Every structure is written in structure tokens, then in C-alpha cells.
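Chemist: Could you work out the structure for the sequence below:
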Amino acid sequence: MNLKTKSTEFALTGAFLLILPIVNFAQTASGERNGCAVTDKKQSAQFIVYEGSRAEKYAMLRLRNNTNCPITVETDDVDPTPRQKVVLPDGSFKFEDVESKDGAIIPAHYLLRDLENQTLKSGYGWGDSVRRYKIPAGRSILFEVPLSELKKGGQAVAVPFVYEWEGDFVFAGMTGGVQHCVYFLTDDLPTKIRSGK
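Modeler: Modelled structure (predicted):
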């Protein structure tokens, strides 16, 4: 075996040893999250249902977090989260989020998936500045989607989210990171809404 082969073998072994602790850590971290469970076994972990319409222009949808773990979604840069002032032992203070009430109405960011072509597009006129909104375990949010988008058929509303332990980088499912989506199919609209009657 020549020197070149030996140095290549050493480099590959070194690279493997550097990767090994990372893989083990990821497996351990994942295993520690097994405490997250579905609360209502008859439903999916997260799901969206139709709640009604407003001014015959918007569908009100409810996204339910049906687990015992918080999830985070992305919203406009408004602050829908109530905060409370907390005085610290040294006399200074900070503001902490108060858990959201069930059914808080927020401008949730969502995507529209064309089910036939399997393409995604932004379904909301987002600005450059966004916020994250935590949906506590067992709670829900309400958000609006224009009925004109839902009546097209063959589409789905997709709301990107992350579990709390995955961080808070959501960025509406368009780039990078760990992401999940919860879907509402246009076919799930009531027939009279879908047909416009």
C-alpha cells in the first residue's frame, strides 16, 4: 500500500469518526421526543376543518394541534400573542408570552398546492417581516383563506409548521429546515360553498 492510499484511508476513517457522534446524537435526541403523542386517537396529529365563511369571500379554517406538544406556525409581523410583564428578582422585568386562547384568529401563512401538477405557491401576500406563533398542545387557531382560491378545485391549503423541539424556523415551507405541513383539501368544503349556491 503506497502513502497516497494510506492517507486517503486515514482521511475517510477520520471523516467517519467525525460523523458518528453526530448520528448518535440525532438518534438520541429523536428518541427523547417519544413523549409527544396524539391526544384524540380518532383524529390526525394536526388537522384543518372548515368553520364557516365571512362576507361570502373568505373561508374560516381551524387548524387543531391534536398532540401534547406545542407547534409553531408563521404569521404576519403582527403580535397576536398576549404578553404579561414578569418582574425578576433583581427588580428588572421582561415580557413573556401568555399561552394563546383556543381559537385565536391569526393571519397564518399558508401555501396552495396544486394536486394535479404537485406544485406549491404562496397563498398569502406576505411581507418581508414575519413572526412565529406557538400553538400550545391541544389548542387551535383560526385563519382565513379567500373562497376564490378554494373553489378552483384540485387544490389544497398547506400550513407549514414545526414542533417546538425543532426550533422556530418555519419560513412557510419554501426553503430549508425541517418542515411539516397540515392540509385542507378544497374537496372538504361543504358542497353548497364549493358550488357557490
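
Chemist: Would you map the helices across the protein?
Modeler: 3-31, 147-150, 191-195 (DSSP state H).

Chemist: and the ones you listed, which one is worst for confidence?
Modeler: Sorting the helices of the chain by mean pLDDT places helix 3-31 lowest, at a mean of 41.

Chemist: where are the low-confidence patches of the chain?
Modeler: 1-34, 78-85, 95-100, 125-128, 168-178, 196-197 (pLDDT under 70).

Chemist: residue ranges for the strands of the protein, please.
Modeler: Applying DSSP state E to the chain gives strands spanning 46-54, 58-65, 71-76, 83-87, 93-97, 104-105, 111-114, 119-122, 130-135, 140-146, 155-163, 180-185.

Chemist: out of those, nearest to residue 191?
Modeler: Proximity to residue 191 (Cβ to Cβ) singles out strand 46-54 among the strands of the chain, at 11.4 Å. Placement of C-beta: from N, CA and C, glycine included.

Chemist: helices or strands up against that closest one?
Modeler: If contacts are counted by 3 or more Cβ pairs under 8 Å, 6 or more residues apart in numbering; DSSP states H and E, strand 46-54 sits against strand 58-65, strand 155-163, strand 180-185.

Chemist: Just want the angle from it to strand 130-135.
Modeler: 110 degrees (axes from the mean of the first three to the mean of the last three Cα atoms, to 10 degrees).

Chemist: Which residues outside strand 46-54 are in contact with it?
Modeler: When contacts are defined by Cβ atoms under 8 Å, 6 or more residues apart in numbering, strand 46-54 is touched by residues 59-67, 71, 142, 144, 147, 157, 159, 161, 180, 182-184, 188-190, 193.

Chemist: That one: which residues count as buried?
Modeler: Neighbour-count burial for strand 46-54, counted by 16 or more other Cβ atoms under 10 Å, picks out 46-48, 50, 53.

Chemist: What strands flank that strand, and is each parallel or antiparallel?
Modeler: strand 58-65 (antiparallel) (DSSP bridges).

Chemist: so the strand it pairs with versus strand 155-163, what angle?
Modeler: Using the same axes, to 10 degrees, strand 58-65 lies at 30 degrees relative to strand 155-163.

Chemist: Sort out which residues of strand 58-65 are buried, please.
Modeler: 58-59, 61-65.

Chemist: how about CSV for the residues you listed, with distance to residue 112 added?
Modeler: Shown next, in CSV, are the buried residues of strand 58-65 (distance: Cβ to Cβ, whole Å):
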residue, distance to residue 112
58, 15
59, 13
61, 13
62, 18
63, 15
64, 20
65, 22
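
Chemist: which one among these gets closest to residue 153?
Modeler: Nearest to residue 153 among the buried residues of strand 58-65 is residue 59, at 13.8 Å by Cβ to Cβ.

Chemist: Contacts only, for the closest one.
Modeler: Here residue 59 is in contact with 50, 52-53, 144-147, 150, 189, 193 (Cβ under 8 Å, 6+ apart).

Chemist: how about these in CSV, adding distance to residue 39?
Modeler: Below are the contacts of residue 59 laid out as CSV (distance: Cβ to Cβ, whole Å):
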residue, distance to residue 39
50, 21
52, 24
53, 28
144, 26
145, 26
146, 31
147, 31
150, 28
189, 26
193, 29
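
Chemist: No further questions, thank you.
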